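J.: The amino acid sequence is not available; the structure is as follows:
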């Protein structure tokens, strides 16, 4: 049977747009280690605009997208092409998702560049990565390029951490609220908030008595200098391997604590 619902053409591409989630309560908080990049969208060399100065508090739209990483960006683009009015709430201060939050030394993607970009011709036809495995700075430049080409920023509110989502069964509408006081009413809700935004700190005995500098890779201070210092690193996953490669060059002593060894090759 024919349907007038524009989302029907996305079958197989999008999942869980039906109202299943009643409450969304994230815990992302802005950190003070965010690198300032040129405002490519506005063609200036100033700092990136973290939120719209003239952004309205209440929005009405067809689709609300939560998150402005790769998934959120793709969703905004696809929904626009369907003729839908789209709004996006992003907890961070710019596009990128995991590449906005992760700034630790050596942070880079472990997939080759040709496979780690959007399949949108107007985006990839005039952007070339300089590295086979791009680092986090170049990936943020890539995000700025996507924004410049697609004009995404006009539909995104940054520093907008979603704190609640309520579905009205009678009206068939979602009402979303952010910690900053923004509110959006929409028919469709797309959660593109990812899985990597919540950091985990193990409850290690004596950690509360540690007098040195305690740092988590998910909120790595941009000005942290480990030159000539004794450094202990807990973990041996991809993040730990990347940090080890960089801190090993400058720390006087670097000790990695791990449960089991892993085999690694230089990227």
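T.: Received it, and whenever you're ready, just let me know what you need. This one's a predicted model, so the numbers in the text were calculated from it and none came from an experiment.

J.: Quick check: the most centrally placed residue in the chain vs residue 237, distance?
T.: In the chain, the C-alpha nearest the mean C-alpha coordinate belongs to residue 97, at 0.7 Å (CA atoms, centre = their mean). From residue 97 across to residue 237, the span is 18 Å (CB to CB, to the nearest Å). Every residue, glycine included, has its C-beta placed from N, CA and C.

J.: ok so, going back, contacts only, for the residue nearest to the centre of the chain.
T.: 67-72, 194, 197 (CB atoms under 8 Å, 6 or more residues apart in numbering).

J.: from these, which is closest to residue 119?
T.: Distance to residue 119, by CB to CB, is smallest for residue 70 among these, at 11.2 Å.

J.: and the end-to-end length of stretch 226-246?
T.: End-to-end distance of stretch 226-246 (CA to CA, to the nearest Å): 10 Å.

J.: which residues of this structure fall in helices?
T.: Secondary structure of the chain, counting by DSSP state H: helices at 70-81, 98-101, 121-124, 136-150, 238-247.

J.: outside of the last one, which residues touch it?
T.: To tie it back to what came earlier, the one meant is helix 238-247. With CB under 8 Å, 6+ apart as the test, helix 238-247 has contacts from 102, 104-108, 110, 217, 226, 231, 233-234, 254, 256, 258, 262, 264, 266.

J.: Weed out the non-buried ones from those residues.
T.: Those of the contacts of helix 238-247 that meet the buried threshold are 102, 104-108, 217, 226, 231, 233, 254, 256, by 16 or more other CB atoms under 10 Å.

J.: Enumerate every residue touching the closest residue to residue 120 other than its chain neighbours.
T.: Residue nearest to residue 120 in three dimensions, not counting chain neighbours: residue 77, with 6.6 Å by CB to CB, 6 or more residues apart in numbering. Residues near residue 77 by CB under 8 Å, 6+ apart: 120, 150, 152.

J.: ok, now how distant is residue 77 from residue 178?
T.: With CB to CB as the criterion, residue 77 and residue 178 are 22 Å apart.

J.: Low-confidence stretches in this protein?
T.: 1-56, 267 (pLDDT under 70).

J.: How is it divided into domains?
T.: The chain breaks down by automatic domain parsing into domains covering 7-191, 207-257.

J.: now the residue nearest to the centre of the chain: how far from residue 259?
T.: Distance from residue 97 to residue 259, by CB to CB: 28 Å.

J.: which strand residues sit across from residue 230 in the sheet?
T.: Assessed by DSSP bridges, residue 230 has beta-bridge partners residue 253.
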